[in-house]
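Asker: have a look; sequence and predicted model below, questions after that.
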Amino acid sequence: MTESGSTIDHRKHRRRRNDRFEQYVVDEMASLRAALEIQFNRIAQIQAELDLSHGAIEQRSLAFPPMPAARLSRRSNGNGHR
């Protein structure tokens with residue numbers, strides 16, 4: 001094999017190795033992107049559940065208005081003693 005033939009073989013080998021590495025990176029990025037999408041969807045689902053429960057709490061609080069503040073007797077000093 002000539003020197004130039006050997007150099008061409010090395011270049012082909014390097015190119016194949018680079019191509020495999022590029023494919024690995026592309027596959028890893030796709031995998032990570034899919035994992036992130038799953039997590040974002042889960043976060044959105046939890047947020048929707050929280051919004052629903054918050055709305056339910058608001059509805060219940062509207063159904064039962066707050067109790068008026070207890071009034072202290074004029075004779076009471078606030079701790080139950082006169």
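Answerer: Alright, I've got the coordinates. Numbering: from 1, shown residues only.
Asker: what separates residue 8 from residue 21, distance-wise?
Answerer: Separation of residue 8 from residue 21 (CB to CB, to the nearest Å) stands at 20 Å. Quick note: C-beta positions are derived from backbone N, CA and C, even for glycine.
Asker: what do you get for residue 30?
Answerer: To residue 21, residue 30 is 15 Å away according to CB to CB.
Asker: residue 13 now?
Answerer: 13 Å.
Asker: tell me the pLDDT at residue 77?
Answerer: For residue 77, the model assigns a pLDDT of 60.
Asker: go on, residue 5?
Answerer: At residue 5, the pLDDT value in this model is 70.
Asker: then residue 50?
Answerer: Looking at residue 50, its pLDDT reads 90.
Asker: again with residue 36
Answerer: You'll see residue 36 listed with a pLDDT of 97.
Asker: same check on residue 24?
Answerer: Per-residue pLDDT puts residue 24 at 97.
Asker: distance of it relative to residue 18?
Answerer: From residue 24 to residue 18 the distance is 11 Å (CB to CB).
Asker: ok, residue 51 - how many residues close by?
Answerer: 10 (other CB atoms under 10 Å).
Asker: residue contacts, it?
Answerer: The contact partners of residue 51, by CB atoms under 8 Å, 6 or more residues apart in numbering, come to none.
Asker: fine by me, thanks again.
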